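what follows is a predicted structure for the sequence shown.
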Amino acid sequence: MKNVTNIPCSDPCIGEPTEPTNIVIFGAGGDLTKRKLVPALIKMLRCGLLHPQSKIIGVFKNRTKETWLDSLYQGVRNYASDIAMDEQQWKKFSAMFKMVSGDLQDEKTYSDLAASLESLQGHTNAMFYCAVPPRWYTTIASGLHKIGLNNETEGFRRIVIEKPFGMDLKSSQQLNHELQTLLDESQIYRIDHYLGKESVQNLLVYRFTNSILEPLWNRNYIDHIQISAAESIGIEYRANYYEKSGALRDMIQSHLMQVMTLVAMEPPVEFTADAVRDEKIKVLRAVRHIEEKNIKQLTVAAQYGSGVADDEKLNAYVAEDGVSPDSVTETFAAVRFHIDNWRWQGVPFILWTGKRLPERVSEIVIRFRKPPFNLFDTHATPPAANSLVFRVHPDEGIALRMNAKMPGLTTDIQRMVMRAPYSENGEDVSDAYEVLLHDVLIGDATLFSRADEVEESWSIIEPILNAWKDRLSIERYRSASWDVPGMDTLFEDCVGGWHKPS
Ligand code: BG6
């Protein structure tokens with residue numbers, strides 16, 4: 001496909017070509033659009049994965065097109081420094097943009113939108129991206145429905161829904177019900193950007209193309225599995241959302257549970273959306289719901305206090321802008337799940353996440369059982385259990401931790417790490433939004449959550465939410481430290497204990 005923008009293109013054009021499409025972004029004046037969506041669209045365009053005749057239509061109010069485009073350009077410069085794009089190139093690219101000004105509750109907005117959709121090469125394909133707070137999802141779907149914009153006779157019509165998809169089981173069921181009365185399930189793309197990370201998809205390729213893994217991938221060889229997302233940032237400017245959400249909803253119910261399904265699922269019969277999602281839902285159905293009496297023993301909730309990093313003083317969560325001084329919202333959460341099926345019986349899956357930790361690292365640690373006995377009479381380190389670590393970010397790749405002989409005349413043991421970086425030559429690892437937007441355009445829903453998956457994951461989380469909702473106090477950890485109370489106990493019987501990333 002021709003690169004119409006003159007944006008320097010070093011990337012190979014790998015991926016199914018897409019049809020020209022009207023890409024409609026509701027909430028186009030917001031942060032997600034400038035930080036993620038527009039940079040992803042530029043990269044897709046320059047490597048041929050977005051058809052150059054496509055249009056990008058922003059829906060928002062109280063702004064001129066000029067100020068909107070200016071803020072998008074600033075966004076690209078600030079948040080996507082890898083896109084070398086001068087003003088000239090931006091001008092050329094921004095010819096793809098159109099805007100519809102209006103209120104989301106106003107029917108006129110949708111009729112204006114209908115009028116602005118272009119027939120491109122004989123089709124009026126449209127992707128509707130809801131980059132708005134969740135309370136607007138049904139309003140938008142219903143506005144589209146009323147005017148017939150959900151109708152696929154002139155081209156495909158697909159709606160992308162951002163997280164959070166509900167705040168608990170009841171609200172997610174209601175949202176599913178509302179959307180499914182307005183649109184067909186096949187038109188609904190519930191986005192979870194973790195599934196678009198190349199290293200997460202790579203997990204499936206590692207698992208289902210390397211036959212040496214399968215015999216080990218079960219309770220006979222694996223002691224436990226840790227799936228984690230540590231972040232060094234605090235809640236930044238998102239107090240309003242985070243105060244209602246907390247770490248359990250924000251990261252575990254969505255991203256980390258989705259990753260858990262990929263780690264634990266059986267091989268699907270084929271690599272199609274429903275075959276993969278059928279296997280994922282079986283995992284969720286097998287997750288044991290935690291009884292109230294076990295919540296204390298199987299979960300950890302904590303909140304960051306003040307601290308210091310790089311000589312900079314860091315605020316406690318309760319001192320952040322917009323946070324109530326007596327807030328007990330958790331900024332760190334850990335849950336020890338069990339999957340009651342043949343493969344995983346007795347293997348804890350421990351999912352944990354936290355803000356203001358010393359590092360930004362997300363990984364999956366498969367910790368194998370200990371060697372049955374120690375053959376070597378070592379004075380120094382005894383052999384450690386092997387671990388296979390899938391690094392989601394940064395430094396995507398895998399590492400296998402092994403024992404080896406220490407050089408010298410003894411049989412002393414040292415631990416060594418065999419690393420296989422995902423991208424050896426520093427090639428670009430695609431951003432999750434590029435992958436997922438491209439998937440919506442080609443109609444591949446494999447990496448999107450189906451209604452039943454979302455509800456099942458909320459039903460697993462619900463007992464924890466219920467147990468936590470009336471707490472009056474919460475444990476604290478120092479910002480930029482790993483001193484999270486309760487974590488060592490949660491891993492007490494796990495070989496090797498809590499793996500703190502480094
Ligand atoms: C978002 C959460 O979904 O994921 C944020 O709402 C979190 O709180 C972010 O910071 C983490 O994503 P990534 O890709 O930076 O690991």
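That came through, no problem.

tell me how many other residues crowd residue 105.
As a burial measure, residue 105 scores 11 neighbours (other Cβ atoms under 10 Å). Backbone N, C-alpha and C define where each C-beta goes, glycine included.

and the gap between the closest residue to it other than its chain neighbours and residue 63?
Distances taken as Cβ to Cβ, 6 or more residues apart in numbering place residue 139 nearest to residue 105, at 6.1 Å, with adjacent residues excluded. For residue 139, the distance to residue 63 (Cβ to Cβ, to the nearest Å) stands at 20 Å.

which ones are touching the residue of the stretch 401-502 of the chain found nearest the ligand?
Using Cβ to the nearest ligand atom, residue 432 is the residue of the stretch 401-502 of the chain that sits closest to the ligand, at 6.6 Å. Residue 432 makes contact with 193-198, according to Cβ atoms under 8 Å, 6 or more residues apart in numbering.

which residue is the nearest non-sequential neighbour of the residue nearest the centre of the chain?
Closest residue to the average C-alpha location of the chain: residue 194 at 2.2 Å, with Cα atoms, centre = their mean. Excluding the flanking residues, the one nearest residue 194 by Cβ to Cβ, 6+ apart is residue 255, at 3.8 Å.

helix, strand, or coil at the one you found?
Three-state call for residue 255 (DSSP: H, G, I helix; E, B strand; the rest coil): helix.

list the contacts of it.
Taking Cβ under 8 Å, 6+ apart as the test, what residue 255 contacts is 192-194, 229.

before we move on, what about residue 263?
Shown in contact with residue 263 (Cβ under 8 Å, 6+ apart): 203, 207, 225, 227, 349, 364, 366.

interface residues of the stretch 101-250 of the chain facing the ligand?
163, 193, 229, 231, 250 (Cβ under 6 Å from any ligand atom).

let's have the residues you listed in TSV, adding secondary structure and distance to residue 422.
What follows is these, written out as TSV (DSSP: H, G, I helix; E, B strand; the rest coil; distance: Cβ to Cβ, whole Å):
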residue	secondary structure	distance to residue 422
163	coil	25
193	helix	18
229	strand	17
231	coil	21
250	helix	26
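
of those, which pair is most distant in space?
163 and 231 (16.0 Å; Cβ to Cβ).

on that earlier part again, by neighbour count, which of the contacts of residue 263 wins?
residue 227 leads the contacts of residue 263 on contacts (other Cβ under 10 Å) with 27 neighbours.

which parts of the stretch 401-502 of the chain are helices?
Taking DSSP state H, counting those that start in this stretch, the helices of the stretch 401-502 of the chain run over residues 432-442, 451-469, 487-490.

equivalent analysis for the stretch 1-150 of the chain, please.
Along the stretch 1-150 of the chain, the segments classed as helices by DSSP H, counting those that start in this stretch run 31-32, 38-46, 65-79, 87-93, 107-116, 137-146.

next one: the first one to chain centre, how far?
Pointing back at helix 31-32 there. Relative to the centre of its chain, helix 31-32 is centred 15 Å away, using Cα atoms, centre = their mean, to the nearest Å.

what comes into contact with that helix?
Helix 31-32 is contacted from outside by 131, 162, using Cβ under 8 Å, 6+ apart.

report the mean per-residue pLDDT for it.
Helix 31-32 comes out with an average pLDDT of 92.

kindly reformat the residues of the stretch 101-250 of the chain next to the ligand as a markdown table containing pLDDT and neighbour count.
Formatted as a markdown table, these follow (pLDDT from 0 to 100; neighbours: other Cβ atoms under 10 Å):
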| residue | pLDDT | neighbour count |
| --- | --- | --- |
| 163 | 91 | 19 |
| 193 | 94 | 19 |
| 229 | 98 | 25 |
| 231 | 97 | 19 |
| 250 | 96 | 24 |
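
tell me which of those is nearest to residue 155?
Nearest member of those to residue 155, counting by Cβ to Cβ, is residue 193, at 25.9 Å.

can you name the residue of the chain nearest to the ligand?
Nearest residue of the chain to the ligand (Cβ to the nearest ligand atom) works out as residue 250 at 4.8 Å.

how about that residue, nearest residue that isn't a chain neighbour?
residue 242 (6.9 Å).

so how many other residues sit close to that neighbour?
Applying other Cβ under 10 Å, we find 23 residues neighbouring residue 242.

ok, it - contacts?
The contact partners of residue 242, taken as Cβ under 8 Å, 6+ apart, are 235, 250, 323, 329, 331.

returning to that earlier point: please report phi then psi for the closest residue to the residue of the stretch 401-502 of the chain closest to the ligand other than its chain neighbours.
Counting by Cβ to Cβ, 6+ apart, residue 432 lies nearest to residue 196, which is 3.2 Å off, once chain neighbours are set aside. When read as degrees, to the nearest 10, the backbone of residue 196 gives phi -90, psi -10.

go ahead and confirm residue 196 touches residue 447.
Yes: at 5.9 Å, residue 196 counts as touching residue 447 under the criterion of Cβ atoms under 8 Å.

which neighbours do the two share?
Common contacts of residue 196 and residue 447, defined by Cβ under 8 Å, 6+ apart, comprise 435-436, 439.

how about the residues you listed in JSON lines, adding distance to the ligand, neighbour count and pLDDT?
Shown next, in JSON lines, are the shared contacts of residue 196 and residue 447 (distance: Cβ to the nearest ligand atom, whole Å; neighbours: other Cβ atoms under 10 Å; pLDDT from 0 to 100):
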{"residue": "435", "distance to the ligand": "12", "neighbour count": "22", "pLDDT": "93"}
{"residue": "436", "distance to the ligand": "12", "neighbour count": "24", "pLDDT": "96"}
{"residue": "439", "distance to the ligand": "17", "neighbour count": "22", "pLDDT": "96"}
